[in-house]
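# Any chance you could fold what I've pasted below:
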Amino acid sequence: QVQLVESGGGLVQAGGSLRLSCTASGSIDSIATMGWYRQAPGNQREFVARIPSSGSTNYADSVRGRFTISRDNAKNSVYLQMNSLKPEDTAVYYCKAILRLTCGPNSYQYWGQGTQVTVSS
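Alright, predicted model coming up:
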């Protein structure tokens, strides 16, 4: 019913930048919150940033000041601009959306398949 597709990952040197994109498609009525999480090998998935429909933003302490989350409601898309990347930012980055379907009033959580970000020192 709903698919989240991420793009923009890759290999970058420390200090470089990448921009991740995620687009939701399917039987979507509205999207309340979109966000980014990441998971490094051997670690649990952790919160990176979120942006609700109001446009306010929240960031993990480890990325605040370096990463910027934004969204385009018309495109059901969320973006993550990552600057001043560090080797410890290396992880698979996942997009998450909390949304309503066109078939009813309940909200559901969906995840993308993930995109690899590798930062070399």
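# Run a quick neighbour tally on Q116.
Using other Cβ atoms under 10 Å, Q116 has 12 other residues around it. Heads up, the C-betas are built off the backbone N, CA and C, glycines and all.
# Assign a three-state SS to it, would you?
Recorded secondary structure, Q116: strand (DSSP: H, G, I helix; E, B strand; the rest coil).
# And it, how close does it get to S25?
Taking Cβ to Cβ, to the nearest Å as the measure, Q116 falls 22 Å from S25.
# Kindly report the same for I31.
11 Å.
# higher neighbour count, these two?
Counted by other Cβ under 10 Å, I31 and S25 do not tie: I31 has more neighbours, with 21 against 13.
# which strands and helices sit next to the helix or strand hosting that one?
If you go by DSSP states H and E, I31 is part of strand 28-39. Judged by 3 or more Cβ pairs under 8 Å, 6 or more residues apart in numbering; DSSP states H and E, the packing partners of strand 28-39 are strand 18-26, strand 46-52, strand 67-72, strand 77-82, strand 91-101.
# what is in contact with I31 and S25 at once?
Residues touching both I31 and S25 (Cβ atoms under 8 Å, 6 or more residues apart in numbering) are N76.
# what sits against V12?
18, 85, 117-120.
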